[in-house]
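Asker: based on what follows, work out the 3D shape:
(one chain, ligands or ions: 1)
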Amino acid sequence: MAYGLLKGKKGIISGALNEQSIAWKAALKAVEEGAEIVLTNAPVSLRLGTINELAEQCNAPLIPADATSVEDLEKLVDGAMEHFGGKFDFVLHSIGMSPNVRKGRPYDDINYDYLGKTLDISAISLHKMLSVLYKKDALNEWGSVVALTYIAAQRTFDGYSDMADAKALLESITRSFGLKYGKERHVRINTISQSPTKTTAGSGIAGMQDMFAYADAMSPLGNATAADCADYITSMFSDLTRHVTMQNLYHDGGFSATGLTAEVVEAFTKGLKNE
Ligand SMILES: NC(=O)c1ccc[n+]([C@@H]2O[C@H](COP(=O)([O-])OP(=O)(O)OC[C@H]3O[C@@H](n4cnc5c(N)ncnc54)[C@H](O)[C@@H]3O)[C@@H](O)[C@H]2O)c1
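Answerer: As a prediction, the model looks like this:
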């Protein structure tokens, strides 16, 4: 059911690669709720994925931008302002990639050039995006920027490797830029810390299948899906959340506040008995 929560609002959605992507669902939801959007992704991802179909469905222009390139981001923001005829209201940063994870490098033996790339793509790109938006004064007052993160920024998860460090930096940038952007332009910046979700990026993490099942059993409400996440993102873009900023918002079915569940203990003790 649509509520018209984003009626009259305009924004950029990054990171939709294919139908599984969280950003794909967020784009559809934003349009369903009345928004006009511009889609973007890295040039290489445009070739690999199916974002053209989404652009058609959403009646949205597609502006390629490597999120690590300030020049590309400037073109993206200029292109969006031209398309919208002025300032806009929201941006979704849904971007993450670790060459160390992709190439299976263990955390105690990461390649430092790869680490630089992980941090640039998955965290510093948010700073670059915000900085371009700020300098071009591209966002309306009470605009909203959301970036997606994972609880490995707070607690260690085997296999998440240097993506954990990237997410910690991403969340820190959210607070640091949130202070300036909030004070001077009333723009809010938050991260949403999402449950494990079966997407291309999610599948790159070692043991994702088991991690997904464990998180589901540890969450009173079960794992939040990509579609659930799209709903939450929409609420954060809407006027109903105007005084929420610089927060890391857990969207994880209660996982982050749970120490133990009967299901997990039962599975664990069953495993011990079978040893
Ligand atoms: N899937 C999960 O379990 C999960 C959980 C919590 C948070 N997240 C986060 O959600 C976000 C979206 O990931 P997803 O799960 O939808 O997977 P996804 O693979 O569909 O999306 C990741 C996107 O990042 C884009 N990207 C990579 N390098 C880029 C670059 N240089 N410039 C621009 N874009 C680039 C990819 O093209 C892709 O569209 C990521 O930040 C991810 O870390 C995912």
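
Asker: residues in contact with the least confident helix or strand in the chain by mean pLDDT?
Answerer: The least trusted helix or strand in the chain, going by mean pLDDT, DSSP states H and E, turns out to be helix 200-203, with a mean of 82. The contact list for helix 200-203, computed with C-beta atoms under 8 Å, 6 or more residues apart in numbering, reads 17, 18, 20, 21, 96, 97, 196, 208, 212. No exception for glycine: its C-beta is placed from N, CA and C like everyone else's.

Asker: again, only using 10 Å
Answerer: Residues outside helix 200-203 that contact it (C-beta atoms under 10 Å, 6 or more residues apart in numbering): 15, 17-18, 20-22, 45, 48-49, 94-98, 101-102, 122, 148, 150, 163, 194-197, 208-209, 211-212, 226.

Asker: in strands only, show me those.
Answerer: Using DSSP state E, the subset of those located in strands is 148, 194.

Asker: just the buried residues of the contacts of helix 200-203.
Answerer: Neighbour counting over the contacts of helix 200-203 (16 or more other C-beta atoms under 10 Å) leaves 15, 17, 20-22, 45, 49, 94-98, 101, 122, 148, 150, 163, 194-197, 208, 211-212, 226 as the buried ones.

Asker: from the contacts of helix 200-203, which land in helices?
Answerer: Here DSSP state H is the test, and the contacts of helix 200-203 give 22, 45, 48, 101, 102, 163, 208, 209, 211, 212, 226 as lying in helices.

Asker: in stretch 132-149, what's buried?
Answerer: Of the residues in stretch 132-149, 132-134, 138-140, 143-149 count as buried by neighbour count, 16+ other C-beta under 10 Å.

Asker: quick one: which of those is nearest to the ligand?
Answerer: For these, the closest approach to the ligand (C-beta to the nearest ligand atom) belongs to residue 148, at 3.5 Å.

Asker: would you map the strands across this protein?
Answerer: 10-14, 36-40, 88-93, 139-149, 188-194, 248-251.

Asker: want to try TSV for those, with mean pLDDT as columns?
Answerer: Conversion of the strands of the chain to TSV gives the following (pLDDT from 0 to 100):
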stretch	mean pLDDT
strand 10-14	98
strand 36-40	98
strand 88-93	98
strand 139-149	98
strand 188-194	98
strand 248-251	98
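
Asker: Throw those strands into CSV and include distance to residue 175, thanks.
Answerer: CSV is the format used below for these (distance: least, C-beta to C-beta, whole Å):
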stretch, distance to residue 175
strand 10-14, 20
strand 36-40, 24
strand 88-93, 15
strand 139-149, 12
strand 188-194, 8
strand 248-251, 9
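
Asker: can you add distance to the ligand and give these back as TSV?
Answerer: Listed next are these as TSV, based on distance: least, C-beta to the nearest ligand atom, whole Å:
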stretch	distance to the ligand
strand 10-14	6
strand 36-40	7
strand 88-93	7
strand 139-149	3
strand 188-194	4
strand 248-251	9
